[in-house]
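S.K.: Okay, predicted coordinates and the sequence, questions at the end:
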Amino acid sequence: MNRGPIAEIDLAALQKNLNIIYRAVGKRNVISVVKADAYGHGAVTISRKLVNAGVSYLAVAFTGEAKVLRDAGITARIMVLFDNRDVMDFFTYNLIPVIYEKRTARAFAGEAAKKGLTVSVHLKIDTGMGRVGFSADTAVSDALDIAAMKGIAVEGLFSHFSDADLSDKSYAREQLELFQRIKSDISSGLGYPLMAHMANSAAILTLQESYLDAVRPGIMLYGCSPFEESYGLNPVMKIKSEVLAIRSLPLGSPISYGRTYVTRRKSRIAVIPVGYADGYNRLLSNNSDVLIRGKRAPVVGRICMDVTMVDVTDIRDVSENDEVVLLGRQMDELITARELSDRINTIPYEIVTAFGHGARREYV
Ligand SMILES: *Cc1c(COP(=O)(O)O)cnc(C)c1O
């Protein structure tokens, strides 16, 4: 037996989520974010599927992620959101750098001049996210300086929302207005328009005026909503395992490390070969369910590194090798990433990336 659960990845669900995006944004470019191994779903297969479905732009965080896609034969345009240190890689692999410092632009211009080439870049403006980006007060002059550098073609301009997932959109609207002011100043300075983009999933779902020329969905492609409401998105990842062993224990039996759970009746306890080393967060101890035979079985006691115990006393006929679903649907029951993330005060993004990282994947 190999370690860990199986991540079943539903490519038809991915397609449906992409359709939802296109229905909202029409003919705009959809820059599909496949960083962190496509949020744990497997960047190569996900990217291939997206490209076959008409997506022409992918975004990753680091050049190493882009290389993996190129090596797999993916020829779509790839934007690298954060990492622009290894200038040569952008030429070797034909990648689009995101520039947020003038000195990086100079490095790209220098390399392009040496090669007699022009490199397309996107400029990032910090409108209030406080991560990377040109500061609002210097953005216009910086952008014009960079656009004047030989060997650099400024193709796009973008910014990122900090809290478009709140129902109060006032800060998101402030960010958007600031971005649009900067954008129009740069465009009039240049005399030609740039491809402007700002909307992440939360903004695509709830802030139509932010669509601009392109959108950058991540989490919604994978069927998770940044809100309580699902917006009809279809979860792409299912995490499944099998019952490893079943034990009958008398009332008063302590379960797992620290004896945080003691049986309150004669109980049937199933052992599941999935633990926190597989992305099943230990904070879900005594605080989650899994699905077996279409029913919910509560996690009892602490989640261990490799295994987890669940109470199956109330589920008839559970036996070894029965399918166990930790995330996703089984018959009429569904455990969403949102349900798990709400239980441990985090976000669905962390649930899917933790489960998906290093998982054995099956694409269906
Ligand atoms: C991760 C990321 C996105 C996608 O965000 P979601 O909330 O997953 O839609 C878009 N843009 C940038 C710059 C990002 O880092």
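M.R.: Noted; the coordinates are in hand. From a predicted model like this one, the values you see are computed outputs, not experimental measurements.
S.K.: Residues of this structure that sit close to the ligand?
M.R.: Residues of the chain lying close to the ligand (CB under 6 Å from any ligand atom) are Val33, Lys35, Leu81, His160, Asn200, Ser201, Ala202, Arg216, Pro217, Gly218, Ile219, Pro226. C-betas here are computed from N, CA, C, even on glycine.
S.K.: now the residues you listed: which count as buried?
M.R.: Taking 16 or more other CB atoms under 10 Å as the criterion, what is buried in the residues of the chain next to the ligand is Val33, Lys35, Leu81, His160, Asn200, Ser201, Ala202, Arg216, Pro217, Gly218, Ile219, Pro226.
S.K.: Next up, phi/psi of the residue positioned nearest the centre of the chain, please.
M.R.: Centre of the chain computed as the mean C-alpha position; nearest residue by CA atoms, centre = their mean is Tyr39, 3.6 Å away. When read as degrees, to the nearest 10, the backbone of Tyr39 gives phi 50, psi 40.
S.K.: mind listing what it touches?
M.R.: By CB atoms under 8 Å, 6 or more residues apart in numbering, the residues touching Tyr39 are Gly218, Ile219, Leu221, Tyr222, Tyr349, Val352, Thr353, Gly356.
S.K.: For these, which ChimeraX command selects only the ones that are buried?
M.R.: Buried residues among the contacts of Tyr39 (16+ other CB under 10 Å), as a ChimeraX selection:
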select :218,219,221,222,349,352,353,356
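S.K.: Tabulate the buried ones among the residues of the chain next to the ligand (a markdown table), appending pLDDT and distance to Leu58.
M.R.: Shown next, in a markdown table, are these (pLDDT from 0 to 100; distance: CB to CB, whole Å):
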| residue | pLDDT | distance to Leu58 |
| --- | --- | --- |
| Val33 | 98 | 8 |
| Lys35 | 98 | 9 |
| Leu81 | 98 | 11 |
| His160 | 98 | 17 |
| Asn200 | 98 | 15 |
| Ser201 | 98 | 16 |
| Ala202 | 98 | 20 |
| Arg216 | 98 | 10 |
| Pro217 | 98 | 12 |
| Gly218 | 98 | 11 |
| Ile219 | 98 | 15 |
| Pro226 | 96 | 20 |
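S.K.: Mind putting those residues into CSV with secondary structure and distance to Lys124?
M.R.: Formatted as CSV, those follow (DSSP: H, G, I helix; E, B strand; the rest coil; distance: CB to CB, whole Å):
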residue, secondary structure, distance to Lys124
Val33, strand, 14
Lys35, helix, 15
Leu81, coil, 8
His160, coil, 8
Asn200, coil, 14
Ser201, helix, 18
Ala202, helix, 18
Arg216, coil, 12
Pro217, coil, 18
Gly218, coil, 16
Ile219, helix, 20
Pro226, coil, 21
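S.K.: Surely Thr206 is in contact with Asp163?
M.R.: No - between Thr206 and Asp163 there is no contact under CB atoms under 8 Å: 11.5 Å.
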